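Asker: give me a model of this one.
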Amino acid sequence: MRLKERVAFITGSSRGIGKEIALALAREGAAVVVTGKTAEPHPDLPGTIHETVDEIEAIGGQALAIQLDVRFEEQVKEAFEETVEHFGSLDILINNAGAIHLAGVADTPPKRFDLLMGVNARAAYICSHYALPYMIEQGWGHILMASPPQKIQKAPGKTAYALSKLGMTFIAQSLAEEVKDHNIGVNAFWPVTAVESQATRHFGMGSEEIWRTPEILCDTVLAIVTKEPGSCTGNAFYDEELLRQEGVTDFSKYSVVEGEEPPPFSAQLFDPSYGK
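Answerer: Take a look at the predicted model:
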């Protein structure tokens with residue numbers, strides 16, 4: 001129960017990686033605010049914010065469901081107000097919600113560009129903006145971005161997506177400097193491999209043999225948010241590298257298919273030389 005009496009706000013937690021992170025934090029004692037657009041069952045996608053809350057409560061945790069489209073500032077502002085009114089504080093923000101579109105400029109219309117920027121970089125900025133006053137007032141907080149280290153200067157074939165995700169990391173590392181005197185840690189985290197989720201299945205990112213389970217990102221997030229914020233800030237972590245620092249040596253437990261060693265697909269999206 002390393003997060004007892006902490007309150008965590010997770011965007012995009014009705015399904016997939018966000019949901020698994022929500023459950024992991026709840027098991028460690030955090031009260032969790034589950035947010036997402038899906039409040040009623042979707043014909044094509046599994047999970048709702050209420051189903052995630054039900055699962056958290058089933059393991060003895062506390063949770064609050066808030067329907068939220070992170071592209072809309074007023075919804076974000078009201079969601080944080082509701083969080084603090086309900087739980088009394090806000091300690092952890094995980095900017096997990098994301099949009100994916102792996103295509104070049106000619107195949108990415110401006111409307112799609114706006115969606116990528118709105119759900120990724122802009123939403124991370126807005127959520128951080130409205131979370132900060134509560135964290136600054138209490139002198140404690142963690143803000144995490146689901147975004148990669150900045151290892152490239154160009155991203156042909158995925159220009160818009162890379163800009164939106166690297167923008168999140170730029171926000172994290174800049175914000176870390178801005179709030180370093182307030183005991184607020186701001187970091188980014190990213191998987192080395194593809195992680196099993198609705199996104200990897202929907203976008204055809206390989207097959208189960210090259211995927212790891214969301215558990216590796218849950219352990220990564222826990223390794224960060226259980227530290228004193230001021231002692232862990234301004235980083236852009238790869239999950240595997242951080243967990244090795246934490247003493248993990250056997251990564252086979254994270255493989256979706258037993259005995260398989262997934263390649264560094266996700267790292268190479270933003271750093272083609274990674275692992276070579």
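
Asker: the helices in the stretch 51-200 of the chain, which residues?
Answerer: 73-87, 110-117, 123-138, 159-178, 198-202 (DSSP state H, counting those that start in this stretch).

Asker: how far does the first one sit from its chain's centre?
Answerer: Taking Cα atoms, centre = their mean, to the nearest Å, one finds the center of helix 73-87 at 19 Å from the center of the full chain.

Asker: go through it and flag the buried ones.
Answerer: 76, 79-80, 83-84, 87 (16 or more other Cβ atoms under 10 Å). No exception for glycine: its C-beta is placed from N, CA and C like everyone else's.

Asker: export those residues to a markdown table and append columns for pLDDT and distance to residue 224.
Answerer: Below are the buried residues of helix 73-87 laid out as a markdown table (pLDDT from 0 to 100; distance: Cβ to Cβ, whole Å):
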| residue | pLDDT | distance to residue 224 |
| --- | --- | --- |
| 76 | 98 | 22 |
| 79 | 98 | 22 |
| 80 | 98 | 21 |
| 83 | 98 | 20 |
| 84 | 98 | 22 |
| 87 | 98 | 21 |
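
Asker: turn the residues you listed into JSON lines, including distance to residue 8.
Answerer: As requested, the buried residues of helix 73-87 are exported to JSON lines (distance: Cβ to Cβ, whole Å):
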{"residue": "76", "distance to residue 8": "16"}
{"residue": "79", "distance to residue 8": "13"}
{"residue": "80", "distance to residue 8": "12"}
{"residue": "83", "distance to residue 8": "10"}
{"residue": "84", "distance to residue 8": "13"}
{"residue": "87", "distance to residue 8": "10"}
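
Asker: and which of those residues is nearest residue 126?
Answerer: Comparing the buried residues of helix 73-87 against residue 126 with Cβ to Cβ places residue 76 closest, at 5.1 Å.

Asker: correct me, but that closest one touches residue 128?
Answerer: No - using Cβ atoms under 8 Å, residue 76 is not in contact with residue 128, being 10.0 Å away.

Asker: and the contacts of stretch 100-113?
Answerer: Here stretch 100-113 makes contact (Cβ atoms under 8 Å, 6 or more residues apart in numbering) with 115-116, 156-161, 199, 203, 269.
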